[in-house]
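In: Below are the sequence and a predicted model for it; my questions follow.
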Amino acid sequence: MRRRRAAALAAALLLLLLGTAPPALAGAPITTAIYTADPAALVVGDTLYLYTGHDEAPTGGTNFVMRDWHVFTSSDAATFTDQGAKLAISNFSWAGADAWAGEVERGADGKYYWYVPVNGNGAGWMDIGVAVGDTPLGPFRDAKGGPLVSDSTPNSSPLNIDPTVFTDDDGQVYMYWGSYYGLRAARLTSTMTSLNGSVITPSGVTNFWEAPWMFKRNGVYYLAYAANDSACSAPGYACIRYATASNPLGPWTHRGVVLDQVTSTTNHPAIIEFKGQWYMVYHNASSPGGGDFRRSVTIDKLYFNADGTMQKVVQTGGPVTPGNLAASATASTSYVSPWETLAAINDGYTPANSADRGHGAYGNWNHQGTEWIEYRWPTAQTVSRSEVYWFDDDQGIDLPASCRVQYWTGSAYADVPGQSGCGVAANTFNATAFPSISTTRLRLNITSRTGYSTGVLEWRAFS
Ligand code: FUB
């Protein structure tokens, strides 16, 4: 036992000495065994539960085929276990199709209530039903025997889908839902199965389209939601905006975009703190064979600024930059200052400028001369382009004098033949193109200006 611990310590020390960056979050996506969508997240004890939809459309399908919902569990937010389909359309005798985006909330009675939009057999299209179970994994049964919200509910949404249910510190439960620009909210009774009072139309939720997710942090209420305005996404696609309020029913103040558009047209957030780290859980179409109706739930870390605003999520499973080989590489360096972060160079972040260390920065102060950063892959990659965003802290770290892209020939490092100039401009990605090489290691040699060290915010590689 002692020997194993010593070996682990030695390995950790070696990693530190080599300056090796950890791999990207493994939970992206949470599974490729099935297509999943519309995540909701819940923490119970030491476990993170994800309640997801299940996309079953065939390849090339042009409609949702969704019949049941799955539950995934994780103890580290990196690896997830599919606990199976724990709720299905067939659990609601009054519904016939469309197992869309739901959410689970624990009631004051200790039971777990799963709110889901379904296509009811009655008049109108989507209704919201509620199932109940004694544990977060169920078994779940219809808790009401009919819709909680339907088209006949006064002031209901043009499309009654995507419920998010939130319990305030005083025990009052709120439900937000809606689509087609129609956000609605209501209190729930303590039984969790009836609306308590009238349905309101919250104000201040700019460009709301669908998929609301409500939570509270440091006394502030947050509402994240899918918006599909042209300021944040391409036509037909959605980004995730958010608003904050000091009252659970608003009025809300729009705060900006927390997640850019993803590779699927729909976008759907769940934001949760688990073991001291905040996460954005969402879906995209990036898994093999994926598409708008064959989506995959994925997870990324989310960070708050000191003023309570949320930083835009870096989509490590997106990918934000299709084809960026850096995402699957292990980074190392000749030297990194103890207070800088080598992991910053391949975290997928797009810096706002060369001083933007919002997601950390690699720097080699107070070394001068030539230092290097390197990517290694377990198998050979075809590479024909490098893009580097330099870090300049206006102090000891400045833009470099020059750089060279090198590769591992199998026995030595050599300059990549035929490379175009290695740019040293600030506030942009500097691209170096070259005829394709096949290699397991790509290296960037960086030579400093006299009297300065150098740094990198992001380094991408493409085939
Ligand atoms: O999955 C079906 C629908 O697509 C959801 O209810 C919406 O949020 C969107 O993701």
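Out: Looks like it came in fine. What you are looking at is a predicted structure, and each value in this text was computed from that prediction instead of being measured.
In: Mind telling me what element the most centrally placed residue in the chain is part of?
Out: Centroid check for the chain by CA atoms, centre = their mean gives Asp300 as the closest residue, at 3.7 Å. For Asp300, the host element (DSSP states H and E) is strand 296-302.
In: coming back round to it: isn't the residue nearest to the centre of the chain right next to Tyr279, touching?
Out: Yes: with contacts counted by CB atoms under 8 Å, Asp300 reaches Tyr279, the gap being 6.9 Å. Where you see a C-beta, it was placed from the backbone N, CA and C, and this is true even at glycine.
In: picking that back up, just checking: what are the partner strands of the very next helix or strand once past the strand holding Asp300?
Out: Next helix or strand after strand 296-302 toward the C-terminus (DSSP H and E): strand 330-333. Partners of strand 330-333 in the sheet, by DSSP bridges, are strand 370-390 (antiparallel).
In: Partner strands of the next helix or strand after the partner strand, with direction?
Out: The C-terminal neighbour of strand 370-390 among helices and strands, as given by DSSP H and E, is strand 402-408. Sheet pairing here is set by DSSP bridges, and for strand 402-408 it gives strand 413-415 (antiparallel), strand 430-447 (antiparallel).
In: which parts of this protein sit against the ligand?
Out: Proximity of the chain to the ligand (CB under 6 Å from any ligand atom) is limited to residues 37-38, 53, 64, 100-101, 117, 161-162, 210-211, 266, 268.
In: mind running it again at 8 Å?
Out: 37-38, 53, 55, 64, 66, 98, 100-101, 117, 161-162, 179, 210-211, 226, 264, 266-268, 283, 295 (CB under 8 Å from any ligand atom).
In: Restricted to strands, list these.
Out: Using DSSP state E, the subset of the residues of the chain next to the ligand located in strands is Ala37, Asp38, Gly53, Asp55, Pro117, Glu210, Ala211, Ala226, His283.
In: what sits against the third one?
Out: By CB atoms under 8 Å, 6 or more residues apart in numbering, the residues touching Gly53 are Thr36, Ala37, Asp38, Met66, Trp69, Ala99, Trp100, Ala101, Gly102.
In: Beta-bridge partners for it, please?
Out: Ala37, Trp69.
In: Show me which residues of stretch 378-391 are buried.
Out: Within stretch 378-391, the residues scored as buried using 16 or more other CB atoms under 10 Å are Gln381, Val383, Ser384, Arg385, Ser386, Glu387, Val388, Tyr389, Trp390, Phe391.
In: For the ones in strands among the residues of the chain next to the ligand, pick the one with the most neighbours.
Out: Counting neighbours by other CB atoms under 10 Å, His283 comes out on top of these with 31 neighbours.
In: my guess is that residue meets Ile30, correct?
Out: No: using CB under 8 Å, His283 makes no contact with Ile30, being 9.7 Å away.
In: intersection of neighbour lists for the two?
Out: Shared contacts of His283 and Ile30, defined by CB under 8 Å, 6+ apart, comprise Thr36, Ser296, Val297, Thr298.
In: Against Glu371, how distant is the third one?
Out: Separation of Val297 from Glu371 (CB to CB, to the nearest Å) stands at 39 Å.
In: What's opposite Val43 in the beta bridge?
Out: On the basis of DSSP bridges, Val43 is bridged to Leu48.
In: and if you look at Arg141?
Out: In beta-bridge terms (that is, DSSP bridges), Arg141 pairs with Val132.
In: what's it in contact with, if anything?
Out: Contacts of Arg141 by CB under 8 Å, 6+ apart are Asn91, Ala131, Val132, Gly133.
In: sorry, back to before: could the strands paired with strand 402-408 be laid out in JSON lines, adding mean neighbour count, mean pLDDT and distance to Glu458?
Out: Shown next, in JSON lines, are these (neighbours: other CB atoms under 10 Å; pLDDT from 0 to 100; distance: least, CB to CB, whole Å):
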{"stretch": "strand 413-415", "mean neighbour count": "14", "mean pLDDT": "97", "distance to Glu458": "22"}
{"stretch": "strand 430-447", "mean neighbour count": "18", "mean pLDDT": "96", "distance to Glu458": "11"}
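In: And the ones you listed: which comes nearest Gly124?
Out: strand 430-447 (53.3 Å; CB to CB).
In: Quick check: what element follows that closest one along the chain?
Out: Next along the chain from strand 430-447, counting by DSSP H and E, comes strand 455-462.
In: If you count contacts, what does that next one end up packed against?
Out: Applying 3 or more CB pairs under 8 Å, 6 or more residues apart in numbering; DSSP states H and E, one finds that strand 455-462 makes contact with strand 362-363, strand 370-390, strand 430-447.
In: give me the beta-bridge partners of the residue nearest to Ser156 when sequence neighbours are not counted?
Out: Closest residue in space to Ser156, ignoring its immediate chain neighbours: Val149 at 5.7 Å, by CB to CB, 6 or more residues apart in numbering. In this entry, Val149 is beta-bridged to Ile128, by DSSP bridges.
In: Near Val149, how many other residues are there?
Out: The number of residues packed near Val149 is 25, by other CB under 10 Å.
In: from now on call the first residue 35
Out: All right, first residue 35 from here; so that's Val183.
In: State the distance from it to the ligand.
Out: 14 Å (CB to the nearest ligand atom, to the nearest Å).
In: now swap in Pro188 and tell me
Out: Counting by CB to the nearest ligand atom - Pro188 and the ligand are separated by 22 Å.
In: Find the helix or strand that that residue is a member of.
Out: Using DSSP H and E, no helix or strand contains Pro188.
In: Tell me who's in contact with it.
Out: Counting by CB under 8 Å, 6+ apart, Pro188 makes contact with Ser232, Val233.
In: How about Gly485?
Out: Here Gly485 is in contact with Gln402 (criterion: CB under 8 Å, 6+ apart).
In: where does it land on pLDDT?
Out: On the pLDDT scale, Gly485 is placed at 97.
In: Would you list the phi and psi of it?
Out: Dihedral pair for Gly485: phi 90, psi 0, per degrees, to the nearest 10.
In: Next: Leu121.
Out: The phi and psi values for Leu121, taken as degrees, to the nearest 10, are phi -150, psi 140.
In: For it, give me its contacts.
Out: Asp102, Trp103, Ala133, Gly136, Trp148, Val150, Ala165, Gly172, Phe174.
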